[in-house]
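Q: mind looking at a prediction? Sequence and model below.
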Amino acid sequence: QVQLVESGGGLVQAGGSLRLSCVASGRTFSRYTMGWFRQAPGKEREFVAAISRFSSTYYADSVKGRFVISRDNAKNMVYLQMNSLKPADTAVYYCAAAVSVIATTSPAYDYWGQGTQVTVSS
């Protein structure tokens, strides 16, 4: 069982930056693919970024070049650095963990955090 807790959300102006953090419980963090998803009001949850246990990274086209996912296995942490934020990035952001080596869709993830709100004002 893995428990995930996100932090770092907030209100930021368009063009600004935020860094989301997610801490995971358990001693096998390094074995999981870690991902970030987001869900805006009235929309389905969508994939944002993922980092495999081998540190391969994957990004949605909408955030490529603006967001960077990273992990620190010694601290059981995964981060999402978000730059050049746009109002369209406004959503609840979720951290997730997957046993699968490559996971870019919601069903592939086994554990989820509660989410953190990111609001980007224009």
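A: Received, thanks. The shown structure was predicted, so the numbers you read here are calculated from the model rather than taken from an experiment.
Q: how about the strands of the chain, start to end?
A: When secondary structure is read from DSSP state E, the chain shows strands at 4-7, 10-13, 18-24, 33-39, 46-51, 57-59, 67-72, 77-82, 91-98, 111-112, 116-121.
Q: Leu4: neighbouring residues, count only.
A: 23 (other C-beta atoms under 10 Å). All C-beta spots, glycine's among them, are computed from the backbone N, C-alpha and C.
Q: hang on, isn't it packed against Tyr109?
A: No. Using C-beta atoms under 8 Å, Leu4 is not in contact with Tyr109; the gap is 10.1 Å.
Q: for those two, list the residues in contact with both.
A: Here Leu4 and Tyr109 share the contacting residues 96-97, scored by C-beta atoms under 8 Å, 6 or more residues apart in numbering.
Q: list the contacts of Tyr58.
A: Per C-beta under 8 Å, 6+ apart, neighbours of Tyr58: 49-52, 102, 104.
Q: one step back: dump the strands of the chain to TSV, plus mean pLDDT.
A: What follows is the strands of the chain, written out as TSV (pLDDT from 0 to 100):
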stretch	mean pLDDT
strand 4-7	98
strand 10-13	98
strand 18-24	98
strand 33-39	97
strand 46-51	98
strand 57-59	97
strand 67-72	98
strand 77-82	98
strand 91-98	97
strand 111-112	96
strand 116-121	98
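Q: now do the contacts for the most centrally placed residue in the chain.
A: With distances taken as C-alpha atoms, centre = their mean, the residue of the chain nearest its centroid is Trp36 (2.2 Å). Residues counted as contacts of Trp36 (C-beta under 8 Å, 6+ apart) are 20, 22, 48-50, 69, 78, 80, 93-96.
Q: buried ones among those residues?
A: 20, 22, 48-50, 69, 78, 80, 93-96 (16 or more other C-beta atoms under 10 Å).
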